[in-house]
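>>> Pasted the sequence and its predicted model underneath.
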Amino acid sequence: MNLRIALKTPKVSRQVFAILWSAFVVLFIVAGWLQERWTFALIGVPVTILLGWWQLVMLNRLYEHITELVFFEGQWFIIEKDLKVAIEVKKDTVTWPLWVTLKYRELDPSSPQSVRQLILFRDSMKESEFRDLSRTLKFYKAS
């Protein structure tokens, strides 16, 4: 089985995280209103807004360098712009309903033990590609 997945910027994931961070801001405001002490809210709201903004920026740049994930003849590859990098997918890779946490090691002799992690959101690829990816990962993992 050969698999080629083109990665796009996730959109629904950004919206879900934006709603989550907005709920935290509302929680700080409601807590301040109920307790009639605004010190905690005055500290929490700006910190929450900054963390939420930072996370959304990171989600926008998630696949900035990685364009595709390829499985060809039993070997995994990550396509970075014009560079094709052979990888070994680790056993502790996890498939969740909305994303895949892909833990991998580049097959590079200079750094043999460095394990990296890539989060592949369901909405960053086609639905059929996500199903094929999760099925393929069940059978083709290293130890």
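Happy to help now that I have it. Numbering: from 1, shown residues only.
>>> check which helix or strand covers residue 40.
If you go by DSSP states H and E, residue 40 is part of helix 39-60.
>>> Show me which residues of that helix are buried.
41, 44, 45, 48, 52, 59 (16 or more other C-beta atoms under 10 Å). C-betas here are computed from N, CA, C, even on glycine.
>>> Equivalent analysis for stretch 125-138, please.
In stretch 125-138, counting by 16+ other C-beta under 10 Å, buried: 125, 129, 130, 132, 133, 134, 136, 137.
>>> Show me what the helix or strand harbouring the fifth one is packed against.
Spelled out, that is residue 133. In this assignment (DSSP H and E), residue 133 forms part of helix 127-139. In terms of contacts (3 or more C-beta pairs under 8 Å, 6 or more residues apart in numbering; DSSP states H and E), helix 127-139 is packed against strand 3-6, strand 94-95, strand 99-106.
>>> and these, which is most packed in?
Each of the helices and strands packed on helix 127-139 was scored by mean neighbour count; the highest is strand 99-106, a mean of 18, by mean count of other C-beta atoms under 10 Å.
>>> got the contact list for residue 6?
67, 68, 125 (C-beta atoms under 8 Å, 6 or more residues apart in numbering).
>>> so what's the nearest residue to the last one once chain neighbours are set aside bridging to?
So that's residue 125. Nearest non-adjacent residue to residue 125, counting by C-beta to C-beta, 6 or more residues apart in numbering: residue 5, 5.2 Å away. Assessed by DSSP bridges, residue 5 has beta-bridge partners residue 69.
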